[in-house]
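1. Prediction below, plus the sequence it came from.
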Amino acid sequence: MRVITGSARGRKLITLEGEDVRPTTSKIKEAVFSAIQFEIEGRTFLDLFAGSGQMGIEALSRGAKSAVFVDASRKSVDIIRKNLNSAGLYDKARVLHTDSLTYLASADEEFDIVYLDPPFGSGLLQQAMPIVAEKVKKTAVIIAENAEKEEILQNYGEFVLDRQKHYGKIKISMYRHRDFV
């Protein structure tokens, strides 16, 4: 797993090993960042259920102003910190070891881009999406990665499904405020 482009291009990132870990594939990461390539520079990025932090690190490498990484796993948080240091991007990041829903309940900042990749089938995506839709800027894009058969709604609050793409057993759903679709 590597950073695709930007200031940290080519940097190797480490990830957790094990069956309960499912890093976003390079193909999906490339597709996501291709779709939002002109919306990253100078923006704030929230990487919920961050895992290795690769999505937020890619955003920072491509010019995001800052990124917040949230994960409940101590091992994941340690790997995110190592990856940020390796990529030379730690100064633009905040890494939080907490449950994503707990973080969302108390978050007082609004983000421009949010990426959610919770454990598939856990119900966490369905719980987090309505809260995220209330905590982002009107111009934000919300991106959800989930299992193809896992249900996701057409809208959450004022945010509606803008596009959805399937990659085998995984789907990526992008939501935008209804005024910008």
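-> Arrived safely, thanks for sending. Computed from a predicted model, the values in this text were never measured in an experiment.

2. For Leu16, give me the pLDDT.
-> In the predicted model, Leu16 carries a pLDDT score of 82.

3. what number of residues lie near Ala140?
-> By other C-beta atoms under 10 Å, the residues close to Ala140 number 23. The way it works is simple: take the backbone N, C-alpha and C, and place the C-beta from them, glycine included.

4. so how far is the strand or helix carrying it from its chain's centroid?
-> When elements are assigned from DSSP states H and E, Ala140 belongs to strand 136-147. Offset of strand 136-147 from its chain centre (C-alpha atoms, centre = their mean, to the nearest Å): 8 Å.

5. tell me how far the ends of stretch 81-98 are from each other?
-> End-to-end distance of stretch 81-98 (C-alpha to C-alpha, to the nearest Å): 14 Å.

6. So for stretch 85-92, what gets flagged as buried?
-> Within stretch 85-92, the residues that qualify as buried by neighbour count (16 or more other C-beta atoms under 10 Å) are Ser86, Ala87, Leu89, Tyr90, Lys92.

7. How about stretch 115-134?
-> By 16+ other C-beta under 10 Å, the buried positions in stretch 115-134 come out as 115-118, 120, 124-126, 128-129, 131-133.
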